[in-house]
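>>> Predicted model and sequence below, questions to follow.
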Amino acid sequence: MAYEVTATRRRPKTFDELAGQDFVAATLKSSIETGRIAHAYLFSGPRGCGKTSAARILARSLNCEKGPTAAPCGVCSSCLEISRGASMDIIEIDGASNNGVNDVRQIKDEVLFPPNSGRYKVYIIDEVHMLSTPAFNALLKTIEEPPPYIIFIFATTELHKVPATIKSRCQQFNFRLIPLETIQGILKTTCGEMRIEAEDEALFWIAKESTGSLRDAYTIFDQVVSFSDGVIRAALIREKLGLVGLDTLNALAEACTAGDNSRAFSLIDGSLDAGVAVEQLVIDMAGYYRNLLLLKNGVNRESVLGYRPERFSALALNTLDSIHLERALSILLDLYRDIRYSVSPRFELETAVSKLCWLTQWVSPRELRAAIAGAQDALGIGREGPAGKGGVALPLAGPGRNQAPAETPLSPEGFEGNRTADHGSAFSEGFKRFMAARETSGEEPPPDDEDPFFGGEGRAGNAEVEAPPPPEEAAPGGGDELSRLRAALIAGLNSKWGLLASGLEKSLPWEWAGDKLIIPVRDSLGMDLLKKDAPLIRETLARIRGGPLSFDVVVGNTPPEAGPGERPALSPQAEMVCRMFRGTVVKNG
């Protein structure tokens, strides 16, 4: 008798033998027993999980001489013909090679003729998603109202490619991947029938490699049996198929965890010399670190890990935390994608192993952020605003690190706090503007002797700007109080409203008119600019003084000519040039 592969020899012949598809088997059995037989079925699911086998079982159940029955006898002429594939009433069509509209027209012509010997003529179309759009359209009317003796069974691995018009005319059954334990049990039963000895670890590996497909498991099983000489051992499988054992992976993980590059490279070299492919080694290493990550998060199921939890390296498991394991997985997955286009896959592998050797020293962005936050807390620096009185907000690394600092409420207490804070003296007006500009541009500040805001004969120089008096002492007074008020207002507006602050800075000396503040400007253009944003100025003044303050903007006279020995009045541009170049004004002529 000719050799028959295990997948064909052990193909299920009844619904009870259909492994891992309890819902499908129970529903089909119930519909047959109650006589609720549909004219079209759509079986979808992964490869090798029983779709075609279920279609043949359904056809056998409908045409069995003792049926329709949910348990076909398997000995009548109809059952035997269907099992051999010789029944003229069961037509199996490969949708991949018969996907044209002419093939469907042939089916439409054939359905007009009743079955030869059975009750039903069953069309089983495998990989139905491969049919062309015209072929699907030609099939619509036929599957919607077929003759009472016609049944269509469609099978597909890609349900999303089947048109909705076809789906709506069929009863749909979704086949699932078969559990690993179920496949392992079936393989163990198969070994008993074939009188083959097998280690549980070897059968477990075969079941794991099948990824839920029983047909794939049978295919791998036949390959392993061919070189096992009647005894299936895990060590022999690793040797013949070029796999990496768990002991090697444990040793490699321990070397990387300890930072022992020499031993790690030696283990890699030994595995490659033993015939293990680079791709297979990367896959096995990624699977190992994935298992460590699962163990770190409390997943201990042997069916998920592939091995008993106690077989994994305790050193690697206790030393590496979840963040490091995620980083290791990321390195290995990137490596698998990169080696396809690499000049040398081995070089890529060795580079990745070198990265794994300093994995324990890697700092994640989350840990770095936490360290910065801890340093700020230790220094009394707030992360989102002033840390109490006089606190300074420093931007953290992130998308908003180049944005201008948020406005901080101005108050006499705030200015006094800045003046007396432990981390330094109060900021002058020029320093505030300069720091805001530096945070926005990301540039380093120039030295003090080159800084136009601090150096030479600058307006502010290195002197502090006195804080405005508290609200109870804020009665209209002399020039010192006006100077403090002016400096505080310009500083408060400069961070977000630079143009308005510049207009106030260019204004003439302020003065009081009773309880009203008078802000004189040089021309009508400056007056329009300040009056346009009068509500914003009024609100800022109220925050500074702790209460409302009325003001008016007027066009004032230009300061009188300088007397003998006095410096003549200059335009703002000329004033800036003098400060930057340490110049002296000389009267021309």
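Ah, there it is.
>>> Output the helix ranked longest in the chain in CSV, but only the C-alpha positions, please.
Taking DSSP state H as the criterion, the chain has its longest helix at helix 278-296. The C-alpha trace of helix 278-296 is given here as CSV (Å, rounded to 0.1, in the frame of the first residue of the first chain):
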residue,chain,number,x,y,z
VAL,A,278,21.2,34.1,11.7
GLU,A,279,17.4,34.6,11.2
GLN,A,280,16.6,31.6,13.4
LEU,A,281,18.9,32.8,16.1
VAL,A,282,17.3,36.2,16.2
ILE,A,283,13.8,34.6,16.3
ASP,A,284,14.8,32.3,19.2
MET,A,285,16.4,35.2,21.1
ALA,A,286,13.4,37.4,20.6
GLY,A,287,11.1,34.6,21.8
TYR,A,288,13.3,34.1,24.9
TYR,A,289,13.2,37.8,25.9
ARG,A,290,9.5,37.8,25.2
ASN,A,291,9.1,34.9,27.7
LEU,A,292,11.1,36.8,30.3
LEU,A,293,8.9,39.8,29.9
LEU,A,294,5.8,37.6,30.3
LEU,A,295,7.3,36.0,33.4
LYS,A,296,8.1,39.5,34.8
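>>> what comes up buried for it?
278, 281-282, 284-296 (16 or more other C-beta atoms under 10 Å). All C-beta atoms are positioned from the backbone trio N, CA, C, and that covers glycine.
>>> list the contacts for the nearest residue to residue 366 once chain neighbours are set aside?
Excluding the flanking residues, the one nearest residue 366 by C-beta to C-beta, 6 or more residues apart in numbering is residue 323, at 7.3 Å. By C-beta atoms under 8 Å, 6 or more residues apart in numbering, residue 323 lies in contact with 364, 366-367.
>>> got the buried residues for the helix or strand containing residue 323?
For residue 323, the element it lies in under DSSP states H and E is helix 322-338. Within helix 322-338, the residues scored as buried using 16+ other C-beta under 10 Å are 324-329, 331-332, 335-336.
>>> Mind giving me the packing neighbours of the helix or strand following it?
With elements assigned by DSSP H and E, the helix or strand that comes after helix 322-338 is helix 345-357. Contact partners of helix 345-357 among helices and strands, from 3 or more C-beta pairs under 8 Å, 6 or more residues apart in numbering; DSSP states H and E: helix 246-257, helix 261-273, helix 278-296, helix 322-338.
>>> Low-confidence stretches in the stretch 1-150 of the chain?
Within the stretch 1-150 of the chain, the segments meeting pLDDT under 70 span 1.
>>> For it, which segments count as helices?
With helices called from DSSP state H, counting those that start in this stretch, the stretch 1-150 of the chain shows them at 6-9, 22-34, 51-63, 77-84, 101-110, 133-144.
>>> coming back round to it: what residues does the longest helix of the chain touch?
With C-beta under 8 Å, 6+ apart as the criterion, helix 278-296 contacts 242-244, 246, 249, 252-253, 268, 271-272, 304-307, 309, 312, 316-317, 320-322, 325-326, 328-329, 332-333, 335-336, 339, 345-346, 348-349, 352.
>>> Now, of these, which are buried?
Counted by 16+ other C-beta under 10 Å, those give 243-244, 246, 249, 252-253, 268, 271-272, 305-307, 312, 316-317, 320, 325-326, 328-329, 332, 335-336, 339, 345, 348-349, 352 as buried.
>>> Which residues are in contact with the nearest residue to residue 69 once chain neighbours are set aside?
Spatial nearest neighbour of residue 69, excluding adjacent residues (C-beta to C-beta, 6+ apart): residue 61 at 5.8 Å. Contacts for residue 61 (C-beta under 8 Å, 6+ apart) come out as 15, 28, 32, 67-72.
>>> Among those, which one has the most neighbours?
residue 72 (27 neighbours; other C-beta atoms under 10 Å).
>>> so where's the protein shaky on pLDDT?
1, 380-479, 557-589.
>>> Quickly list the domain ranges of the protein.
Domains of the chain are assigned by automatic domain parsing as 6-174, 180-240, 242-361, 412-557+569-575.
>>> Residue 377: which of those domains is closest?
Shortest separation from residue 377 across the domains of the chain is recorded for domain 412-557+569-575, at 13.8 Å, computed as C-beta to C-beta.
>>> How about the secondary structure of residue 518?
Here residue 518 is recorded as strand under DSSP: H, G, I helix; E, B strand; the rest coil.
>>> Strands along the stretch 451-589 of the chain, start to end?
Counting by DSSP state E, counting those that start in this stretch, the stretch 451-589 of the chain has these strands, from start to end: 511-513, 516-521, 551-555.
>>> Let me have those strands in a markdown table, adding mean neighbour count and distance to residue 195 as columns.
Listed next are the strands of the stretch 451-589 of the chain as a markdown table, based on neighbours: other C-beta atoms under 10 Å; distance: least, C-beta to C-beta, whole Å:
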| stretch | mean neighbour count | distance to residue 195 |
| --- | --- | --- |
| strand 511-513 | 13 | 112 |
| strand 516-521 | 19 | 105 |
| strand 551-555 | 15 | 105 |
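>>> Quick one, which of these gets closest to residue 490.
Residue 490 sits nearest to strand 516-521 of all the strands of the stretch 451-589 of the chain, at 11.6 Å, using C-beta to C-beta.
>>> quick one: contacts of the closest one?
The contact list for strand 516-521 (C-beta under 8 Å, 6+ apart) reads 476, 485, 503-504, 506-512, 527, 530, 541, 549-557.
>>> what's the first-to-last distance across stretch 303-313?
End-to-end distance of stretch 303-313 (C-alpha to C-alpha, to the nearest Å): 18 Å.
>>> State the distance from the residue nearest the centre of the chain to residue 323.
Centrality entry for the chain: nearest residue to the mean C-alpha point is residue 330, 11.6 Å, by C-alpha atoms, centre = their mean. Using C-beta to C-beta, to the nearest Å, one obtains 11 Å as the distance from residue 330 to residue 323.
>>> dump the residue contacts of the residue lying closest to residue 177 once chain neighbours are set aside.
Counting by C-beta to C-beta, 6+ apart, residue 212 is the residue found nearest to residue 177 once chain neighbours are left out, at 2.8 Å. By C-beta under 8 Å, 6+ apart, the contact list for residue 212 reads 46, 49, 176-180, 183.
>>> swap in residue 24?
Shown in contact with residue 24 (C-beta under 8 Å, 6+ apart): 18, 43, 50, 54, 173, 175.
>>> Repeat that for residue 200.
Contacts of residue 200 by C-beta under 8 Å, 6+ apart are 184, 188.
>>> That one and residue 206, how far apart?
11 Å.
>>> Between the two, which contacts overlap?
With C-beta under 8 Å, 6+ apart, residue 200 and residue 206 have common neighbours residue 184.
>>> re the thing from before, got a markdown table for the buried residues of helix 322-338, with distance to residue 375 too?
Formatted as a markdown table, the buried residues of helix 322-338 follow (distance: C-beta to C-beta, whole Å):
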| residue | distance to residue 375 |
| --- | --- |
| 324 | 23 |
| 325 | 27 |
| 326 | 25 |
| 327 | 23 |
| 328 | 28 |
| 329 | 30 |
| 331 | 29 |
| 332 | 33 |
| 335 | 35 |
| 336 | 38 |
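>>> now, among those, which is nearest to residue 101?
Proximity of these to residue 101 (C-beta to C-beta) peaks at residue 336, which lies at 42.4 Å.
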